[in-house]
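Enquirer: output the structure for:
(2 chains)
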Amino acid sequence: MNYFPDEVVEHVFDFVTSHKDRNAISLVCKSWYKIERYSRQKVFIGNCYATNPERLLRRFPCLKSLTLKGKPHFADFNLVPHEWGGFVQPWIEALARSRVGLEELRLKRMVVTDESLELLSRSFVNFKSLVLVSCEGFTTDGLASIAANCRHLRDLDLQENEIDDHRGQWLSCFPDTCTTLVTLNFACLEGETNLVALERLVARSPNLKSLKLNRAVPLDALARLMSCAPQMVDLGVGSYENDPDSESYLKLQAAIKKCTSLRSLSGFLEAAPHCLSAFHPICHNLTSLNLSYAAEIHGSHLIKLIQHCKKLQRLWILDSIGDKGLEVVASTCKELQELRVFPSDLVGGGNTAVTEEGLVAISAGCPKLHSILYFCQQMTNAALVTVAKNCPNFIRFRLCILEPNKPDHVTSQPLDEGFGAIVKACKNLRRLSLSGLLTDQVFLYIGMYANQLEMLSIAFAGDTDKGMLYVLNGCKKMKKLEIRDSPFGDTALLADVSKYETMRSLWMSSCEVTLSGCKRLAEKAPWLNVEIINETDNNRMEENGHEGRQKVDKLYLYRTVVGTRMDAPPFVWIL
Amino acid sequence: MEKEGLGLEITELRLGLPGRDVAEKMMKKRAFTEMIMTSSGSSSDQCESGVVSFGGDVEKVNDSPAAKSQVVGWPPVCSYRRKNSCKDASTTKVGIGYVKVSMDGVPYLRKMDLGSSQGYDDLAFALDKLFGIRGIGVALKDGDNCEYVTIYEDKDGDWMLAGDVPWGMFIESCKRLRIMKRSDATGFGLQPRGVDE
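Expert: Numbers count the residues shown, from 1 in each chain, chains lettered A, B, ... in the order given. Predicted structure coming up:
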């Protein structure tokens, strides 16, 4: 390769797109490092505090697309205080100052403000694509800036964000000259939507392929929207209310029939189940169906819909589908690759919605299944062993038994053997979430067999430090380890400090680690940020006089090349 | 439970009260029920005493499903999904969610847990602390004589002046808080005092 001029090498590199591969290329030699960095257009930063904007820009001056992730995963479950950090503002300011030709920004679990969005919208002439997932801190005013100022906007994709809806006119801020939209997802907005502005926007966007509406868009508007966008590929239905008038419904049926490109359906935030039949004509084309927010769709209407979806690859559903419903999925959806079954009853009414039987049925019927997230009431080792035999191709296996510490409901044994069978059989397993009654034994299995495991989530599991040590010693590819309410302490934490350099982050909450253990770790590893999140009385940890032995409530540590961050709130101690 | 036979059990770290029989299968379950005694799961005292005080409330050990749901962040369903699966606002407990607090002139929204305040005085103090500005609290106590006015959006979507109704009624109906400059408040469309929900 060194015989070729740089441009040729660069051209070859153009075909290498995955971040992992490009990172590997840049390590081969200095010349490749140089060529690679000037030609890298897409950069992924899994932890925004692992580096800083200045270093990013120094290394990749030709950057066009940036992906940033902020808060740790357990922030999704209210375990991280809102003020913890993950602010995008300094990144946007730095990118704006540097005049880099940013075209795409993808953020996850970050704090975004209207000010940030306004600055973003004004700073990059070719900005095309904004994807915000689980972010917060902004309002529809910020969206208005994006709409108004980004002349070539292609994607505005808002997934599960907390957006303060000022019920303003952000949709009408798209100028009449804006005809480039491909993706428009505002399903997470709670306020009213200017339907006229929306319809006109959709009508002048011939490239619009993905449209996800919020609950304020009623059925008659949906009919009109679908009529002028038959090229739609991905549709999120907002409100699908009861008793539509027959004219609207007929219009909707006609419009749906024309949408022969429709492959993905979601939403139904408020739904009249008997109207679902309007979608039956296009179901045979669907590859993705997300009904996980459609609490009102269940029973026979749901089953009938699914029976039409023979090509489904991805299904997100509520557990109200029941084991019987999952058996229908297993016999219908032979192409299924990804299944997520969410709990419909979070307050705990104890409805036995889905059990191990549904999981076994799916594993038997869907040979291509590689990703599963399954919330259920009960599980057995035997079922997991069967699932492992049926589906050795799992890449992601996340099982959440709703009651913590629940054993095998038939044998009353821990579920070590069941999960052990999964990790032994699934040689490509990259992500695993455990639940139920588990001893150190399951971690022995994980350490022994889960060679490709990159992310592991542990809750209410294990007996001693040995459990955590098995994982740290055995899983060579571990990147993200998150543990809550498990009896792992300083011994495990400190056993191999250099391990954390190979990982993105470690989260431990309500475990047995102490303040002095964390301090010792921080001393040994200056290239780690060791953060203690202490939301209760700040002074209590030191007042008691047993300072060192005081248990740490929440520990979050991550490797970084830029040292202690400056934006931590007072209740976060960085050791 | 594998025993090493070397008498190392005494050095093993466990979650649970000291002096328990380690072979007991129910130990883990008990550890969990201790967990649910602290609604935030944050106190490190839980291993030293059987009953924990948090914010002055002592909750009984209770195996009912309602008690189980009080463990923070369990089941691991993201907060966005939780909020959107509870269609009825009244089923959302104050202890589980936070309310947003905005203050005019401050570009960030804040969030606070109303359930951790005991009354309007406490709330006043908490708001002062949240924004680092003294004087918000005064607004709650001494309505007419200060720069700020504290209003809240209730379940019906109406903006109300904070401080009129009994505390219990307030935290049940408050969806979000806003601290406005008094000068901006006139003509905002507040419901007049004395109008009930």
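
Enquirer: now do the helix ranked longest in chain B: which elements does it pack against?
Expert: Longest helix in chain B by number of residues, with DSSP state H as the criterion: helix B:120-131. With contacts taken as 3 or more C-beta pairs under 8 Å, 6 or more residues apart in numbering or on different chains; DSSP states H and E, helix B:120-131 sits against strand B:99-103, strand B:110-112, helix B:136-141, strand B:176-181. Backbone N, C-alpha and C define where each C-beta goes, glycine included.

Enquirer: following element in sequence after the lowest-mean-pLDDT helix or strand in chain B, please.
Expert: Across the helices and strands of chain B, mean pLDDT, DSSP states H and E gives its lowest value to helix B:65-68, namely a mean of 43. Note on helix B:65-68: by DSSP states H and E, the next helix or strand toward the C-terminus is helix B:79-85.

Enquirer: rounded mean pLDDT for that following helix, please.
Expert: Averaged over helix B:79-85, pLDDT sits at 86.

Enquirer: export that helix to CSV, keeping only CA atoms.
Expert: The C-alpha trace of helix B:79-85 is given here as CSV (Å, rounded to 0.1, in the frame of the first residue of the first chain):
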residue,chain,number,x,y,z
SER,B,79,-38.5,7.5,31.9
TYR,B,80,-39.9,8.6,28.6
ARG,B,81,-41.6,5.3,28.1
ARG,B,82,-42.9,5.4,31.7
LYS,B,83,-44.5,8.7,31.3
ASN,B,84,-46.1,7.8,28.0
SER,B,85,-47.5,4.5,29.2
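
Enquirer: please identify the buried residues of that helix?
Expert: By neighbour count with 16 or more other C-beta atoms under 10 Å in any protein chain shown, helix B:79-85 contains the buried residues B:79-82, B:84-85.

Enquirer: among those residues, which ones lie close to chain A?
Expert: Restricting the buried residues of helix B:79-85 to those near chain A by C-beta under 8 Å from any C-beta of the partner chain leaves B:79-82, B:84-85.

Enquirer: what's the neighbour count on residue 183?
Expert: In the absence of a named chain, this looks at chain A. For A:Thr183, the neighbour count with other C-beta atoms under 10 Å in any protein chain shown is 20.

Enquirer: let me rephrase: I mean chain B.
Expert: 9.

Enquirer: from the contact counts, what lies against the one helix or strand it maps to?
Expert: Following DSSP H and E, one finds B:Ser183 within helix B:182-185. For helix B:182-185, the packing partners by 3+ C-beta pairs under 8 Å, 6+ apart come out as strand B:148-153.

Enquirer: the strand it packs on to strand B:176-181, inter-axis angle?
Expert: Interaxial angle, strand B:148-153 versus strand B:176-181 (axes from the mean of the first three to the mean of the last three C-alpha atoms, to 10 degrees): 150 degrees.

Enquirer: please name the strands paired to strand B:148-153 in the sheet, noting orientation.
Expert: Paired with strand B:148-153 in the same sheet, following DSSP bridges, are strand B:159-161 (antiparallel), strand B:176-181 (antiparallel).

Enquirer: now do the SS call for A:Thr177.
Expert: Under DSSP: H, G, I helix; E, B strand; the rest coil, the three-state class of A:Thr177 is coil.

Enquirer: quick one, phi/psi of it?
Expert: A:Thr177 adopts backbone torsions of phi -80, psi -10, taken as degrees, to the nearest 10.

Enquirer: with adjacent residues omitted, what lies nearest to it?
Expert: A:Arg151 (7.4 Å; C-beta to C-beta, 6 or more residues apart in numbering or on different chains).

Enquirer: give me the element that neighbour is part of.
Expert: For A:Arg151, there is no helix or strand it lies in under DSSP H and E.

Enquirer: going by distance to chain A, which of the ones next to chain A among the buried residues of helix B:79-85 wins?
Expert: Comparing these against chain A with C-beta to the nearest C-beta places B:Tyr80 closest, at 4.2 Å.

Enquirer: give the contact list for the closest one.
Expert: A:134, A:160-162, A:188 (C-beta atoms under 8 Å, 6 or more residues apart in numbering or on different chains).

Enquirer: if we go to 10 Å?
Expert: If you count contacts by C-beta atoms under 10 Å, 6 or more residues apart in numbering or on different chains, B:Tyr80 has them with A:76, A:133-134, A:136, A:159-162, A:188, A:293.

Enquirer: and for A:Cys309?
Expert: A:Cys309 makes contact with A:265, A:279-280, A:282-289, A:315, A:329, A:332-333, A:335-336 under the criterion C-beta under 10 Å, 6+ apart.

Enquirer: quick one: which of those sit in strands?
Expert: Using DSSP state E, the subset of the contacts of A:Cys309 located in strands is A:265, A:288-289, A:315.

Enquirer: okay if I get these as a markdown table plus pLDDT?
Expert: Formatted as a markdown table, the ones in strands among the contacts of A:Cys309 follow (pLDDT from 0 to 100):
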| residue | pLDDT |
| --- | --- |
| A:Leu265 | 96 |
| A:Ser288 | 97 |
| A:Leu289 | 97 |
| A:Leu315 | 98 |
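
Enquirer: since we're on the closest residue to chain B within the stretch 1-150 of chain A, how many residues are nearby?
Expert: Scanning the stretch 1-150 of chain A for proximity to chain B using C-beta to the nearest C-beta identifies A:Phe77 as nearest, at 3.2 Å. Neighbourhood size, A:Phe77 [other C-beta under 10 Å]: 18.

Enquirer: about what we covered before: among the contacts of A:Cys309, name the buried ones.
Expert: Neighbour-count burial (16+ other C-beta under 10 Å) is assigned, among those, to A:265, A:279, A:282-283, A:285-289, A:315, A:329, A:332-333, A:335-336.

Enquirer: quick check: beta-bridge partners of A:Ile163?
Expert: Taking DSSP bridges as the rule, A:Ile163 bridges to A:Phe138.

Enquirer: okay, now the unreliable bits of chain B?
Expert: By pLDDT under 70, the low-scoring segments of chain B are B:1-70, B:86-97, B:134-145, B:186-197.

Enquirer: can you pull the pLDDT of the closest residue to chain B within the stretch 451-575 of chain A?
Expert: The nearest approach of the stretch 451-575 of chain A to chain B comes at A:Lys551, 4.0 Å away (C-beta to the nearest C-beta). If you check A:Lys551, the pLDDT there is 90.

Enquirer: hmm, it is touching A:Phe488, no?
Expert: No. Using C-beta atoms under 10 Å, A:Lys551 is not in contact with A:Phe488, being 11.7 Å away.

Enquirer: more neighbours, these two?
Expert: A:Phe488 (27 against 20).

Enquirer: was I right about that one contacting A:Ala461?
Expert: Yes. Using C-beta under 10 Å, A:Phe488 is in contact with A:Ala461, at 9.5 Å.

Enquirer: overlap in contacts of the two?
Expert: Residues touching both A:Phe488 and A:Ala461 by C-beta under 10 Å, 6+ apart: A:443, A:467.

Enquirer: contact partners for the closest residue to A:Arg263 other than its chain neighbours?
Expert: With sequence-adjacent residues excluded and distances taken as C-beta to C-beta, 6+ apart, A:Arg263 is closest to A:Thr287, at 4.9 Å. Contacts for A:Thr287 were tallied using C-beta under 10 Å, 6+ apart; they are A:233, A:262-265, A:309, A:311-315, A:335-337.

Enquirer: what about chain A, any weak spots by pLDDT?
Expert: Filtered on pLDDT under 70, chain A yields the residue ranges A:1-2, A:168, A:242-245, A:347-352, A:536-548.

Enquirer: returning to that earlier point: list the beta-bridge partners for the residue of the stretch 451-575 of chain A closest to chain B.
Expert: Judged by DSSP bridges, the bridge partners of A:Lys551 are A:Thr514.

Enquirer: for B:Leu177, same thing?
Expert: Judged by DSSP bridges, the bridge partners of B:Leu177 are B:Val101, B:Tyr152.

Enquirer: tally of neighbours for it?
Expert: Counted with other C-beta under 10 Å, the neighbours of B:Leu177 add up to 23.

Enquirer: which residues touch it?
Expert: Taking C-beta under 10 Å, 6+ apart as the test, what B:Leu177 contacts is B:99-103, B:110-112, B:114, B:123, B:127, B:130, B:136, B:150-153, B:162.
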